[in-house]
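1. A structural model of the following input is requested.
(one chain, ligands or ions: 1)
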Amino acid sequence: MVAKRSLIVANWKMYKTVLESVAYAKELMRQMESAGAPATDQVICPTIPALHEVKRRLSGTSIRVGAQNLDLGREGANTGAVSAYLVREAGADCVILGHSERRSLYGEDDALVADKTRAALQAHLLPIVCVGESHQERLEGETDAVIRRQIGAVLRVLDDESPSDLIFAYEPLWAIGTGLVPEPEEANRVAAVVHDTVRAERPQFDSVVRILYGGSVNPGNVAGFAAQPLLDGALVGGASLAVDQWMLLNQRWGEVRS
Ligand code: PEP
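-> The predicted model follows:
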């Protein structure tokens, strides 16, 4: 089997104006021209209003762009909603789904995340589906059950035909934006649980599933995660907001894997 290139995804959340997003894209291009592109595949997920312009600025590079959410349906009387097709038309190649902030702040449950994943695939968007346990669930020994439940819900609604690419990001809730991280070996163990679940539910999908770790990844700790055999990349929030840190993080991941 051909080795999969590592994938590092930037989640900018609700940060950066359109102008700031464009300035970042320009600076990223400049740094990649002078330092060389890191040996990772990169995805940048800006805010929806900045998507189109960031995509335009990064055209001609291998960097893909993604949205941070989508709404169900194609078109219709859905005030404020942005469908998978519109996200795609705005320039997105990928979409982050089921992020814990969407689950906790906007009440998204497993069934909705699953439906959104199916909608993303139908619109030819690569879904990056976030799963992870809360601190309390970890203390109660529920981590694996939560992961199996969240992933199972997604797998069960997908068509039988295998997608060409499907990404799960293991993001323990207690690690997001806190500076806390699990031992990299623990993230690798959870990645094994993800694969086990996929093999049990949809064995034909297992070869296309990739697993990212997310939660307080930064240039100082990224090497430990890059060293884990079942992790195919990282989902990065805070440390993706400054170009220098983003570049360094990608370089360090690439160095461990090359
Ligand atoms: C995230 O929000 O997906 C994330 C991983 O954030 P941070 O890296 O800031 O913990």
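2. Which residue would be the closest one in the chain to the ligand?
-> residue 237 (2.2 Å; Cβ to the nearest ligand atom). (Each C-beta comes from the backbone N, C-alpha and C, glycine too.)
3. So which residues on the stretch 51-200 of the chain come close to the ligand?
-> Neighbours of the ligand within the stretch 51-200 of the chain, by Cβ under 6 Å from any ligand atom: 99, 171, 176, 177.
4. Farthest-apart pair in those, please.
-> Greatest spacing in those, by Cβ to Cβ: 99 and 177 (11.5 Å).
5. hey, where'd the strands end up in the chain?
-> 7-11, 41-45, 64-67, 94-97, 126-131, 166-170, 209-214, 233-236 (DSSP state E).
6. Looking at the residues of the stretch 51-200 of the chain next to the ligand, which one is closest to residue 154?
-> Checking those one by one against residue 154 (Cβ to Cβ), the nearest turns out to be residue 99, at 13.7 Å.
7. circling back to that earlier point, among the residues of the stretch 51-200 of the chain next to the ligand, who's most crowded?
-> residue 99 (27 neighbours; other Cβ atoms under 10 Å).
8. which one is that one nearest to, not counting chain neighbours?
-> Excluding the flanking residues, the one nearest residue 99 by Cβ to Cβ, 6 or more residues apart in numbering is residue 130, at 4.8 Å.
9. now do residue 188
-> residue 228 (3.8 Å).
10. tally of neighbours for that neighbour?
-> 19.
11. what sits against it?
-> Residues counted as contacts of residue 228 (Cβ atoms under 8 Å, 6 or more residues apart in numbering) are 184, 185, 187, 188, 191, 213.
12. Now render the residues you listed as JSON lines, adding neighbour count and pLDDT.
-> What follows is these, written out as JSON lines (neighbours: other Cβ atoms under 10 Å; pLDDT from 0 to 100):
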{"residue": "184", "neighbour count": "18", "pLDDT": "98"}
{"residue": "185", "neighbour count": "10", "pLDDT": "98"}
{"residue": "187", "neighbour count": "26", "pLDDT": "98"}
{"residue": "188", "neighbour count": "20", "pLDDT": "98"}
{"residue": "191", "neighbour count": "23", "pLDDT": "98"}
{"residue": "213", "neighbour count": "31", "pLDDT": "98"}
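13. Does the residue of the chain closest to the ligand touch residue 9 like I think?
-> No - counting by Cβ atoms under 8 Å, residue 237 does not reach residue 9; the two are 9.8 Å apart.
14. Touching both of those two, which residues are there?
-> Joint contacts of residue 237 and residue 9 (Cβ under 8 Å, 6+ apart) are residue 214.
15. Check this structure and tell me which residue is nearest its centre.
-> residue 128 (4.3 Å; Cα atoms, centre = their mean).
16. can you pull the contacts of the closest residue to residue 84 other than its chain neighbours?
-> The spatially closest residue to residue 84, leaving aside those adjacent along the chain, is residue 123, at 3.5 Å (Cβ to Cβ, 6+ apart). Going by Cβ under 8 Å, 6+ apart, residue 123 touches 83, 84, 85, 87, 88.
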